[in-house]
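Provided below are the primary sequence and the corresponding predicted coordinates.
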Amino acid sequence: MDFLINNGIFIALALGLLAIAVAVTLALKVRASDAGNAAMAEVAAAVEEGANAYLSRQIRTISVIAVILFILILVSKGIITGWPNGGATAIGFVIGAVCSMLAGFIGMRVAVLANVRTAQAATIGAQPALRVAFNGGAVTGLLVVGLALLSVGGFYLAVSAYFGPDHHDQALGALVGLALGASLISVFARLGGGIYTKAADVGADLVGKIEQNLDEDDPRNPATIADNVGDNVGDCAGMAADVFETYAVSLIGSVLVAALPDTASNPAYLIFPFMLSGLAVIGSVIGIVFINVGGLKPSSALLAGVALSAVVSGLLFLPLTLIMFPDQWGSIYVPTLVGLAMTFITVMITNYYTATEYAPVQKIAKASQTGHATNIIAGLAVGLHATLLPVFFIGLSIMVSYHFHGLYGVAIAVVSMLSLSGIIISLDAFGPITDNAGGLAVMSKLPKEVRKITDELDAIGNTMKAVTKGYAIASAGLAALVLFRSYVGELQAHRIAEALFKGVPVPDPVTFSLDNPIILIGLFIGGVLPFLFVAYTMDAVGKAAGAVVREVRRQLAAKPGILLGTDKPEYGTCVDIVTQAALKEMIFPALLPVLAVLLVAGFLGPQALGAVLVGTIVTGLFIGISLTSSGGAWDNAKKFIEEGNYGGKGSVAHAAAVTGDTVGDPYKDTSGPAINPMIKVVNIVAILIIPLFF
């Protein structure tokens, strides 16, 4: 046990390096795959150029905001808590921000590398295309996990050594800075990429499919390149930044819980989360290998890979728990199993509500026969239904974990759930890669059989994207108690330190009784924040999509030869429109949670702020699950009809399903997934500003 306590974080860092090594190996394997013909290379180059241009501008925009926040954190924390503490927190903020941006850049680069090779592999068959697309996603998954382990573990070791064992609270404060950097940049990446991809997608579909009866990704549609670029900057870059943030913040949250009075006396509590995360890398790698060699049909292979990863990780966690907690191993091992079970339960529930082979999606497709309105009604109902089972199991998981080992048990369940992020992100990145591959196949005039294969993989990818978004949001719900208790613990520790410094009696802990009207006010404010956040993001997509629609109509009217194939569309104009709109519209909603926390802290005090955290978590959980489930179900209902059901392409049902899909696009790829980092920002900013306001 002493060996693991003294070297556990170093072992976790080594396993993080293993994840990166396997990712590099897979990247080389993908790169070595056939990249197709000259026409495919030309289209892929145009998509890559647009993605690089957008991401570069996004990074420049975010960097300006990050520099301002760095200065504010440095100065405010430095004045209040001392310059060494302020400097360490500000450096942590920069590390979290840089790693989050790097994760996004990695996600985009890997997708660009894999999509054209997936299209070429689809000329051979579904299995080769599955392997190339999944391995491309696995590169992102393993790199993000390795990067998160190395940044959190390495930075914690550095600040602990700098401050020394007598000032462990300052090291923890620096970690909160890293969490804020990761979360805030993740919100920007999710919002900017999400606005970009869905504005282009909606605009392309409304004119191309409904007005001109063009197929998906028809090269005559001026918005096609922008749509394909959006898959990379939204679903890949934004997703990678989001999951990096989720993984890193949950790991940091477990460290904060381990430092609370109940567990601070035993260093094993602090080391254990790092070891869990490290060992799960082995489980993820084994699951990835199984998907490559298993030979199962795509959807079965992906789900079986997740199940295998969970089983292997669970087996590895047992001896670790026995060694580190010989006297109470059972009470800690059970929460690790709860977290692994929650991963698989979340995957299965979301798969049921969004996959084409199950009743919810088929119900939406059937409702499309009677028009646009009934399609929308059915899709909204599916999203609302989809909230029940996740919330039931989240509540059950909290109850079981807390029963066995209190708050620390809940924290361990969260870490265990997110420890499988390596393979879960692989599923998420698989979706946009196959989507892009389909676009490349059409624009490069590959045979229709190729598009059929990529469409089948894309339908599975839509489900996998919904699964991983549900997974991230469910983990935030499971972490709700941990995040709130971390705020309460940090608040009381600060009040005690202030009292000792001033020589006054130690105050009683702050209470959060519903008898206090300020608590209800805080709950209302926190509850409305996700709704405001979603409103601004939906408005942003709507405005940008409207601009794309007008531009596509203008080009088709000005150059009738575009539809005849004698004129070439001006793809770059649509790319510029969505680039400018995404960068402009992402700023206010991304800063909204920060501004809300500062205003509540300044005017209503610590009790109201604690209630804001609870309100945001509760409503954010419901709306996030509902939006992502509705969006995924609408998209796959359209694909179900396009397979020939209920009249197929060109039918009344298909037109209604396209409308549902365009409504669902910002639901599932902009507003819904951005809820997760938004919740984290509210909680982390609340913890960070305690010394400044209270």
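Perfect, I can see it now.

Can you give me the buried ones in stretch 62-71?
For stretch 62-71, burial by neighbour count (16 or more other CB atoms under 10 Å) applies to Ile62, Ile65, Ala66, Leu69, Phe70. In short, each C-beta sits where N, CA and C put it, glycine included.

Taking the centroid of the protein, which residue is nearest it?
Most central in the chain under CA atoms, centre = their mean is Asp242, positioned 3.6 Å from the mean C-alpha point.

In the stretch 551-694 of the chain, what residue spans correspond to helices?
Here the stretch 551-694 of the chain has its helices, by DSSP state H, counting those that start in this stretch, at 561-564, 571-585, 587-603, 606-642, 652-666, 672-688, 690-693.

quick one: the longest one to helix 652-666, angle?
The one in question is helix 606-642. If you take axes from the mean of the first three to the mean of the last three CA atoms, to 10 degrees, helix 606-642 sits at 150 degrees to helix 652-666.

Give me the below-cutoff pLDDT ranges for the protein.
Within the chain, no stretch has pLDDT under 70.

Show me the longest helix that occurs in it.
helix 38-81 (DSSP state H).

Can you name the element that comes right after it?
Downstream of helix 38-81, the next assigned helix or strand under DSSP states H and E is helix 83-122.

Give me the buried positions along the helix or strand hosting Val281.
Using DSSP H and E, Val281 falls within helix 268-293. Neighbour-count burial for helix 268-293 flags 268-288, 290-292 (criterion: 16+ other CB under 10 Å).

From the helices of the stretch 551-694 of the chain, pick the one with the highest average neighbour count.
The highest average neighbour count among these, using mean count of other CB atoms under 10 Å, belongs to helix 672-688 at a mean of 29.

what angle sits between that one and helix 38-81?
Going by the same axes, to 10 degrees, helix 672-688 makes 20 degrees with helix 38-81.

gap between helix 672-688 and the chain center?
Remark: helix 672-688 is offset 12 Å from the chain centroid, using CA atoms, centre = their mean, to the nearest Å.

for that helix, packing partners?
Here helix 672-688 touches helix 168-205, helix 239-258, helix 448-478, helix 480-502, helix 517-558, helix 587-603, helix 606-642, going by 3 or more CB pairs under 8 Å, 6 or more residues apart in numbering; DSSP states H and E.

okay, the shortest one in CSV with CA atoms only?
Extracted C-alpha coordinates of helix 587-603, given in CSV (Å, rounded to 0.1, in the frame of the first residue of the first chain):
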residue,chain,number,x,y,z
ILE,A,587,-19.2,35.0,-26.6
PHE,A,588,-22.2,36.1,-24.6
PRO,A,589,-23.7,32.7,-23.8
ALA,A,590,-20.3,31.3,-22.9
LEU,A,591,-19.7,34.2,-20.4
LEU,A,592,-23.3,34.1,-19.1
PRO,A,593,-22.7,31.5,-16.3
VAL,A,594,-19.6,33.5,-15.1
LEU,A,595,-21.6,36.7,-15.0
ALA,A,596,-24.5,35.1,-13.2
VAL,A,597,-22.3,33.6,-10.4
LEU,A,598,-20.5,37.0,-9.9
LEU,A,599,-23.8,38.9,-9.7
VAL,A,600,-25.4,36.4,-7.2
ALA,A,601,-22.3,36.3,-5.1
GLY,A,602,-22.1,40.1,-5.0
PHE,A,603,-25.7,40.9,-4.3
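
Show me what it is packed up against.
Helix 587-603 packs on helix 38-81, helix 168-205, helix 517-558, helix 606-642, helix 672-688, helix 690-693, going by 3+ CB pairs under 8 Å, 6+ apart.

what comes into contact with it?
61, 65, 184, 187-188, 191, 522, 525, 529, 532-533, 536-537, 540, 608-609, 612, 616, 674, 678, 681-682, 685-686, 689, 692-694 (CB atoms under 8 Å, 6 or more residues apart in numbering).

Okay, and Leu13 sits in which element?
Leu13 belongs to helix 2-31 when assigned by DSSP H and E.

relative orientation of that helix and helix 83-122 in degrees?
Counting by the same axes, to 10 degrees, helix 2-31 lies at 40 degrees to helix 83-122.

From here on, call the first residue 15.
Okay, using 15 as the starting number, the last item reads as helix 16-45.

Can you give me the separation between the most far-flung residue of the chain relative to its centre and Arg509?
No residue in the chain sits farther from the centre than Gly517, which is 46.0 Å out by CA atoms, centre = their mean. Distance of Gly517 to Arg509, computed by CB to CB, to the nearest Å: 14 Å.

swap in Ser291?
Computed with CB to CB, the distance linking Ser291 and Arg509 is 32 Å.

all helices of the stretch 265-414 of the chain, in order?
With helices called from DSSP H, counting those that start in this stretch, the stretch 265-414 of the chain shows them at 282-307, 312-338, 343-368, 373-381, 386-399, 402-432.

Figure out which of those is closest to Leu144.
The closest of the helices of the stretch 265-414 of the chain to Leu144 is helix 312-338. By CB to CB, the value is 4.9 Å.

The closest one: how far from the chain's middle?
Worked out by CA atoms, centre = their mean, helix 312-338 lies 22 Å from the chain centre.

Name the residues of it that come out as buried.
Neighbour counts over helix 312-338 (16+ other CB under 10 Å) mark 312-313, 315-317, 319-324, 326-328, 330-331, 334-335, 338 as buried.

Also stretch 150-170?
Neighbour-count burial for stretch 150-170 flags 150-167, 169-170 (criterion: 16+ other CB under 10 Å).

Only C-alpha atoms, please: export it in PDB.
Once non-C-alpha atoms are left out, stretch 150-170 reads as follows in PDB (Å, rounded to 0.1, in the frame of the first residue of the first chain):
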ATOM      1  CA  GLY A 150      -9.800   7.700 -36.000                       C
ATOM      2  CA  GLY A 151     -12.100   8.300 -33.100                       C
ATOM      3  CA  ALA A 152     -10.000   6.200 -30.800                       C
ATOM      4  CA  VAL A 153      -7.000   8.400 -31.500                       C
ATOM      5  CA  THR A 154      -9.000  11.300 -30.200                       C
ATOM      6  CA  GLY A 155     -10.300   9.400 -27.200                       C
ATOM      7  CA  LEU A 156      -7.000   8.100 -26.000                       C
ATOM      8  CA  LEU A 157      -5.100  11.300 -26.600                       C
ATOM      9  CA  VAL A 158      -7.700  13.300 -24.600                       C
ATOM     10  CA  VAL A 159      -7.600  10.900 -21.700                       C
ATOM     11  CA  GLY A 160      -3.800  10.800 -21.700                       C
ATOM     12  CA  LEU A 161      -3.700  14.600 -21.900                       C
ATOM     13  CA  ALA A 162      -6.100  15.000 -19.000                       C
ATOM     14  CA  LEU A 163      -4.200  12.500 -16.800                       C
ATOM     15  CA  LEU A 164      -0.900  14.200 -17.500                       C
ATOM     16  CA  SER A 165      -2.100  17.700 -17.000                       C
ATOM     17  CA  VAL A 166      -4.100  17.200 -13.800                       C
ATOM     18  CA  GLY A 167      -1.600  14.700 -12.200                       C
ATOM     19  CA  GLY A 168       1.500  16.600 -13.300                       C
ATOM     20  CA  PHE A 169       0.200  20.000 -12.200                       C
ATOM     21  CA  TYR A 170      -0.900  18.600  -8.900                       C
END
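
Sweet, I'm off.
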